[in-house]
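Asker: Using only what follows, build the 3D model:
(2 chains)
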Amino acid sequence: ETGVTQTPRHLVMGMTNKKSLKCEQHLGHNAMYWYKQSAKKPLELMFVYSLEERVENNSVPSRFSPECPNSSHLFLHLHTLQPEDSALYLCASSQDYWQGADGYTFGSGTRLTVV
Amino acid sequence: AQSVTQLGSHVSVSEGALVLLRCNYSSSVPPYLFWYVQYPNQGLQLLLKYTTGATLVKGINGFEAEFKKSETSFHLTKPSAHMSDAAEYFCAVRAPTSNTGKLIFGQGTTLQVKP
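Answerer: Okay, the predicted model is just below:
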């Protein structure tokens, strides 16, 4: 089983739908991250959780709502999205948010298409 | 604050040719440095990292990178490109001690390998 698992891998949703993306890590890490990756654009850090507490929220629209019920699970709840929200959403984890020589471990991502 | 610049958003090489992907960083202290690779519709995978010690680090798939403090660079190289190396490559920097020790990613470089 891979270290960081994201489900679903692909999601097509209408602008009025509500859906959730799930991320699970089995590495014993304390920090988890949501990134958005759009075509021709750099990685955008959306949210960061450290020890289940949100420590970063980078001006993300309220139609994206994160949830971290425990250190192993991270969700991204989606509602009333726009077509420009179509992107690859990546989850990552690391041993510690504040410092450390480790990098991040990424999941395979969820390809979201808003129609 | 740390920052990272990848020179060239797109690099094209012939199969068997040398691969050189450039990365320069800005940091007030010697940082931790990383290279990640991303294949289409996949997450980012760690290729190699520099933390301390030997400045030439070897990674997976025959890649290596050299930390040059005087040039603030961490360029990625591979002696002979394979078709399977075609992917997006990201350089990242992290402060060794910081109140916000998160990874800072470069814009990415797309490597094309021509037969």
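Asker: For the residue in chain A that chain B sits nearest to, which non-adjacent residue is closest in space?
Answerer: At 3.5 Å from chain B, residue A:106 is the closest residue in chain A, using Cβ to the nearest Cβ. Placement of C-beta: from N, CA and C, glycine included. Nearest residue to residue A:106 in three dimensions, chain neighbours excluded: residue B:43, at 3.5 Å (Cβ to Cβ, 6 or more residues apart in numbering or on different chains).
Asker: same thing with residue A:81?
Answerer: Per Cβ to Cβ, 6+ apart, closest to residue A:81 is residue A:114, 4.6 Å.
Asker: centre of the chain versus the helix or strand of chain A with the lowest mean pLDDT, how much separation?
Answerer: Among the helices and strands of chain A, strand A:53-57 carries the lowest confidence by mean pLDDT, DSSP states H and E, at a mean of 87. Here the centre of strand A:53-57 is set off from its chain's centre by 12 Å, with Cα atoms, centre = their mean, to the nearest Å.
Asker: try stretch A:48-58
Answerer: 11 Å.
Asker: Does that stretch reach chain B?
Answerer: Yes. Stretch A:48-58 lies within reach of chain B by Cβ under 8 Å from any Cβ of the partner chain, at A:48, A:56.
Asker: Show me the contact partners of that stretch.
Answerer: Residues outside stretch A:48-58 that contact it (Cβ atoms under 8 Å, 6 or more residues apart in numbering or on different chains): A:30-33, A:44-47, A:66, A:68-71, A:74, A:96-98, B:102.
Asker: Alpha carbons of that stretch, as PDB, please.
Answerer: Taking C-alpha atoms only, stretch A:48-58 is exported to PDB below (Å, rounded to 0.1, in the frame of the first residue of the first chain):
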ATOM      1  CA  VAL A  48      -1.800  23.000   5.600                       C
ATOM      2  CA  TYR A  49      -2.600  21.000   8.700                       C
ATOM      3  CA  SER A  50      -0.100  20.300  11.500                       C
ATOM      4  CA  LEU A  51      -1.200  17.900  14.200                       C
ATOM      5  CA  GLU A  52      -4.700  18.200  13.000                       C
ATOM      6  CA  GLU A  53      -4.700  22.000  13.300                       C
ATOM      7  CA  ARG A  54      -5.000  24.200  10.200                       C
ATOM      8  CA  VAL A  55      -1.900  26.300  10.100                       C
ATOM      9  CA  GLU A  56      -2.200  27.800   6.600                       C
ATOM     10  CA  ASN A  57      -5.100  28.900   4.400                       C
ATOM     11  CA  ASN A  58      -3.800  30.600   1.300                       C
END
